[in-house]
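Asker: Pasting the sequence and the predicted model now:
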Amino acid sequence: MNSNLASKNSFIHSGVISKIKDDLVTVTLEQNIHCEACHAKGSCGISESENKEIEILNSIDSFKINEQVTVVLRKALGLKAVFWAYVFPFILMFGALLIASSFVKEWVAGLISLFVLIPYYLLLYFLKNMFKKIFEISVLKI
């Protein structure tokens, strides 16, 4: 893979294989020196701490625990993830607030708009396997 092309169209992060279970590989991401220059570091979450773990579906390559790898995520998928995690819940909450404020008192409408997020995030939790397939993250051996 061309490194220059990958950096323009993808988020690239180095990590270490920490767990392997069937087709599920857990990669511990190391703090990236490139995070300081990234314009999305405030919303990314990877740059906030020393190490993060992510689970990646992998049925192609065979990895070993403690193996150094590169994790690649296409930028377009990153924008979709931001939509489902932040933008859509905001729209859902704001819409519930507007509709509920027509029928009940403001404080009740505010509570309804907050409580509408509970079933939404529960639905996301139960659909996490589907989202893992949609948000395909590549793991490359170094």
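Answerer: Yes, it's here. Keep in mind the model is a prediction, meaning the values are calculated, not measured.

Asker: Go ahead and produce PDB holding the CA coordinates of the top helix by length along the chain.
Answerer: Scanning the chain for the longest helix, with DSSP state H as the assignment, gives helix 88-101. The C-alpha trace of helix 88-101 is given here as PDB (Å, rounded to 0.1, in the frame of the first residue of the first chain):
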ATOM      1  CA  PHE A  88     -28.000  11.500  14.600                       C
ATOM      2  CA  PRO A  89     -28.500  11.400  18.400                       C
ATOM      3  CA  PHE A  90     -28.500  15.200  18.500                       C
ATOM      4  CA  ILE A  91     -31.200  15.300  15.700                       C
ATOM      5  CA  LEU A  92     -33.200  12.700  17.500                       C
ATOM      6  CA  MET A  93     -33.000  14.500  20.800                       C
ATOM      7  CA  PHE A  94     -33.800  17.900  19.300                       C
ATOM      8  CA  GLY A  95     -36.700  16.500  17.300                       C
ATOM      9  CA  ALA A  96     -38.100  14.800  20.400                       C
ATOM     10  CA  LEU A  97     -37.700  18.100  22.300                       C
ATOM     11  CA  LEU A  98     -39.600  20.100  19.700                       C
ATOM     12  CA  ILE A  99     -42.400  17.600  19.400                       C
ATOM     13  CA  ALA A 100     -42.800  17.000  23.100                       C
ATOM     14  CA  SER A 101     -42.800  20.700  24.000                       C
END
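
Asker: what residues does that helix touch?
Answerer: 108-110, 112-114, 116-117, 120-121 (CB atoms under 8 Å, 6 or more residues apart in numbering). Backbone N, C-alpha and C define where each C-beta goes, glycine included.

Asker: and those residues as TSV, adding secondary structure?
Answerer: Shown next, in TSV, are the contacts of helix 88-101 (DSSP: H, G, I helix; E, B strand; the rest coil):
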residue	secondary structure
V108	helix
A109	helix
G110	helix
I112	helix
S113	helix
L114	helix
V116	coil
L117	helix
Y120	helix
Y121	helix
